[in-house]
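Participant: Generate coordinates for the sequence data below:
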Amino acid sequence: MKRFRFSWLRGIFVTIIVFGLVLLVPNIGNVRAMLTSAHELYTVWRFEREVLRDTRVGQYYEGLIFKHAKEAVELLLKDPNGEEKFNTFRDTTIPLLDAYMNGQGDSTIITAESMNAFKDILDELSVAGGSSMQKDIQMEYERFPLDRFVGMNMNEAYIHVLDSFAGVLDEPVYVEGTDGKWASYIYDGVYFEYPGNWYVQILEINKEDKSAIIIIPSSENPSHWDGEWIIIGIATNVSPEAAFNGGFSFNTNGYDLLWKKSIQVNEVDGVEYAAQYRMAALIAAELYNSEKSMFVDAGVILFDPLGIQLDDTLEIMQERYEYFFHLVNSVRIIQP
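Facilitator: Numbering: from 1, shown residues only. Okay, here's the model as predicted:
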């Protein structure tokens, strides 16, 4: 039986970025190996939440991270000099982010050493990566030659990136009558609604009959929403046996299951459940349409490096994570 598991959901995505392209660490084992202290992890997490998610440009770059993360890490692990390149990048980048997050953006200068370390990684990915990664890296090189940032302070670099993106990113398709609270999206024959200020990124998993989407939050959302990412998986040509035997569920090995219930969404049967594991938690839904042989898997990933305690009742979660339950209830499989 085929397996359709988002294996990265057992781990924790951590973003490291310098106003442009990125490197991403896909699981907690690699985080501990590559980020040498809890302070470094916390700095990166704050930068992701407080800076990247403050603008659509930042959300775009976080989405770009996830688009190429798995391939990028695999290539760097194969590179005999990959660990050394990453260590140099980390050692020259984390201090910049740390200073910026502590209000020292005007006096924190981007150095040639930092940009060269960044370029060493991107050049490796550009040569060894697939066509999609090569295209995106080349596009970003053309948009932002890295040497242009040398000598800028962090505040200047931030403004330069935002100004360069004016009018570039497409606006969401807002749901009529919701004042921009919700936007809609159709992908691979699946319609869903999501918060209007979040950002949709198509992931490339390179597997037949399978697609994946990640939706990046905005820092403008109510604090009680507490969202990291929503991931949606879509599988076509799925047999009932494969769907109902659990071959298409999120991988929650090692997680504590808090609750699970049967649901019906737009005449499609499925289940919802919540699970928790130390710093990470998951609320998920699985829907299967037997008539069209399609499976849709959606989950909101919650993460806090200081530890997370997921509310253990469905009623509390439905109110606190309104955006996720709205998305699930809006799902319609419209593929002919």
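
Participant: Ignoring the adjacent residues along the chain, who's closest to Phe324?
Facilitator: Val300 (4.3 Å; CB to CB, 6 or more residues apart in numbering). (C-beta placed from N, C-alpha, C; glycine too.)

Participant: ok, then the element right after whichever helix or strand the one you found is part of?
Facilitator: Using DSSP states H and E, the element containing Val300 is strand 294-303. Using DSSP H and E, the helix or strand that follows strand 294-303 in sequence is helix 314-320.

Participant: mind checking how far that following helix is from the chain centre?
Facilitator: 23 Å (CA atoms, centre = their mean, to the nearest Å).

Participant: One more: stretch 126-134?
Facilitator: Remark: stretch 126-134 is offset 20 Å from the chain centroid, using CA atoms, centre = their mean.

Participant: can you check stretch 321-336 too?
Facilitator: Here stretch 321-336 is found 19 Å from its chain centre; the criterion is CA atoms, centre = their mean.

Participant: helix or strand right after whichever strand or helix holds Glu156?
Facilitator: In this assignment (DSSP H and E), Glu156 forms part of helix 154-164. On the C-terminal side of helix 154-164, the closest following helix or strand by DSSP H and E is strand 173-174.

Participant: What is the helix or strand just after that next one packed up against?
Facilitator: Using DSSP H and E, the next helix or strand after strand 173-174 towards the C-terminus is strand 182-187. With contacts taken as 3 or more CB pairs under 8 Å, 6 or more residues apart in numbering; DSSP states H and E, strand 182-187 sits against strand 173-174, strand 190-195, strand 210-216, helix 322-330.

Participant: In CSV, list the C-alpha atoms belonging to strand 182-187.
Facilitator: Taking C-alpha atoms only, strand 182-187 is exported to CSV below (Å, rounded to 0.1, in the frame of the first residue of the first chain):
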residue,chain,number,x,y,z
TRP,A,182,-11.2,34.9,4.6
ALA,A,183,-9.7,34.2,1.2
SER,A,184,-10.3,31.2,-1.1
TYR,A,185,-8.0,29.0,-3.1
ILE,A,186,-8.5,26.1,-5.5
TYR,A,187,-5.8,23.6,-6.1
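
Participant: Number the residues from 12 up from this point.
Facilitator: In the new numbering, first residue 12, that becomes strand 193-198.

Participant: What pairs with it, parallel or antiparallel?
Facilitator: strand 184-185 (antiparallel), strand 201-206 (antiparallel) (DSSP bridges).

Participant: For Ser222, name its beta-bridge partners.
Facilitator: Counting by DSSP bridges, the residues bridging with Ser222 are Ile245.

Participant: Enumerate every residue touching it.
Facilitator: Tyr198, Asp199, Ile213, Leu214, Ile216, Gly244, Ile245, Ala246 (CB atoms under 8 Å, 6 or more residues apart in numbering).

Participant: returning to what we had before: for the residue nearest to Phe335, what are its contacts?
Facilitator: Gly238, Glu239, Trp240, Ile241, Leu293, Ile294, Ala295, Tyr332, Tyr334, Phe335.

Participant: Among those, which are located in helices?
Facilitator: In this view, the contacts of Val311 that belong to helices under DSSP state H are Tyr334, Phe335.

Participant: Buried subset of the contacts of Val311 as a ChimeraX selection?
Facilitator: To isolate the buried members of the contacts of Val311 in ChimeraX, using 16 or more other CB atoms under 10 Å:
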select :238,239,240,241,293,294,295,332,334,335
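
Participant: Among the contacts of Val311, name the ones in strands.
Facilitator: Trp240, Ile241, Leu293, Ile294, Ala295 (DSSP state E).

Participant: What pLDDT does the model give Glu302?
Facilitator: Looking at Glu302, its pLDDT stands at 87.

Participant: ok, it - how many residues close by?
Facilitator: Around Glu302 there are 8 other residues, counting by other CB atoms under 10 Å.

Participant: Could you check the angle the one helix or strand Tyr53 maps to makes with strand 221-227?
Facilitator: According to DSSP H and E, Tyr53 maps onto helix 49-61. On the basis of axes from the mean of the first three to the mean of the last three CA atoms, to 10 degrees, helix 49-61 is oriented at 90 degrees to strand 221-227.

Participant: No more questions from me, cheers.
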